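Participant: Sharing a sequence plus its predicted fold:
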Amino acid sequence: MITSLNSLIKTVFKKNSAIQIANNSQFSNHRKDKIKKQLFIIEEQLKITIRDLWNAQLVSIRSTLSKQNGLLYSLQSTLYRNAANNSAKFHIKQLIDLQRQRRILQRELDYYSGTLWKKKLITILTYLILTGISLFILWLLIMGLITAIYLLPVWGSIILIYWLTRKLSRKYF
């Protein structure tokens, strides 16, 4: 009787539990493969965008550094520079958008692969460690400054004694 009551309670609470384990590994694997393909495509687009941005900046620099004189050449140089700057602005916007998409897809891939919280924890710990190191270095600098200010009379007296001994040694010798 007690075992049947226990099994009844387990089945009732198991069905009404808020946390359930779903067996959707096939969906998850398919989704992970799809996200990996999208990430690969975005990585290739990022490479192309960075190369195009580099070329646009290079054209802008070349048109700025050219030393030929003349009205036609200055108009042409201005035209190239403006076109290169517009192209660079476009590529920067595209680069920011692609990086945002990559970050979103990587987070989704981490979610499906089960490494999301591990990466978040590593990121938080990294920020905490860097903040701690920065605060320690700042503390050392402030303590060094306070020590230097505190020792000013000592340093001043050492310099004064040295100066007086040099002056007196020159006077008598």
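Facilitator: Received, thanks. Quantities reported herein were computed from a predicted structural model and do not represent experimental measurements.
Participant: and Ser66, how many neighbours does it have?
Facilitator: For Ser66, the neighbour count with other Cβ atoms under 10 Å is 14. No exception for glycine: its C-beta is placed from N, CA and C like everyone else's.
Participant: And the closest residue to it other than its chain neighbours, how far from Arg102?
Facilitator: Closest residue to Ser66 apart from its sequence neighbours, by Cβ to Cβ, 6 or more residues apart in numbering: Ser77 at 6.1 Å. Counting by Cβ to Cβ, to the nearest Å, the separation of Ser77 from Arg102 is 36 Å.
Participant: Check Leu152 too.
Facilitator: Counting by Cβ to Cβ, the gap from Leu152 to Arg102 is 54 Å.
Participant: neighbour-wise, which of these two wins?
Facilitator: Each of Leu152 and Arg102 has its neighbours counted (other Cβ under 10 Å); Arg102 has more, 16 against 9.
Participant: Could I get the contacting residues of that one?
Facilitator: Applying Cβ atoms under 8 Å, 6 or more residues apart in numbering to Arg102 gives the contacts 39, 42-43, 46.
Participant: now do 10 Å
Facilitator: Counting by Cβ atoms under 10 Å, 6 or more residues apart in numbering, Arg102 touches 38-39, 42-43, 45-46.
Participant: By neighbours, which of those residues wins?
Facilitator: For the contacts of Arg102, the largest neighbour count, defined by other Cβ under 10 Å, is 20 neighbours, found at Ile42.
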